[in-house]
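Visitor: missing the sequence, but the structure's below:
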């Protein structure tokens, strides 16, 4: 699929994104995330890996639009959703 991110055209495929993200450890994600496999990656991290551009060069919306068109699930995660039940204090 052809898409434009930060004014540059890219030919992205779902398989290509999966291959690019293979072995990449997800950063802590609060805010907009892309679900790739069983992991949630911050949108900016995915955009940086896939496009090889600096995160400041593109918007979250550009990457979310591209990832959604490729069939990936994009979510907004809050701090409460990020915390696991085992982290509760008594």
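Guide: Good, I have the coordinates. Fair warning: this is a prediction, and the values are worked out from it, not measured in the lab.

Visitor: Now for the most centrally placed residue in the chain: which residues touch it?
Guide: The centroid of the chain falls nearest to residue 43 when counting by Cα atoms, centre = their mean (3.1 Å). By Cβ atoms under 8 Å, 6 or more residues apart in numbering, the residues touching residue 43 are 31, 32, 33, 34, 60, 63, 64, 67, 74. To be clear about C-beta, it is placed using only N, CA and C from the backbone, and glycine gets the same treatment.

Visitor: Spatially, which residue comes closest to it, not counting chain neighbours?
Guide: Leaving aside its chain neighbours, residue 43 sits nearest to residue 32 (4.4 Å; criterion: Cβ to Cβ, 6 or more residues apart in numbering).

Visitor: The one you found - how many residues pack around it?
Guide: 17 (other Cβ atoms under 10 Å).

Visitor: Contact partners for it?
Guide: By Cβ under 8 Å, 6+ apart, the neighbours of residue 32 are 42, 43, 60, 64, 74, 75, 76, 77.

Visitor: what does residue 8 give?
Guide: Taking Cβ under 8 Å, 6+ apart, we find residue 8 in contact with 51, 53.

Visitor: So it versus residue 65, what's the distance?
Guide: 15 Å (Cβ to Cβ, to the nearest Å).

Visitor: Helices of the protein, start to end?
Guide: 14-21, 43-51, 60-69, 79-82 (DSSP state H).

Visitor: So what touches the third one?
Guide: I take that to be helix 60-69. Taking Cβ under 8 Å, 6+ apart as the rule, helix 60-69 contacts 1, 3-6, 10, 12, 17, 31-32, 34, 43-44, 46-47, 50, 74.
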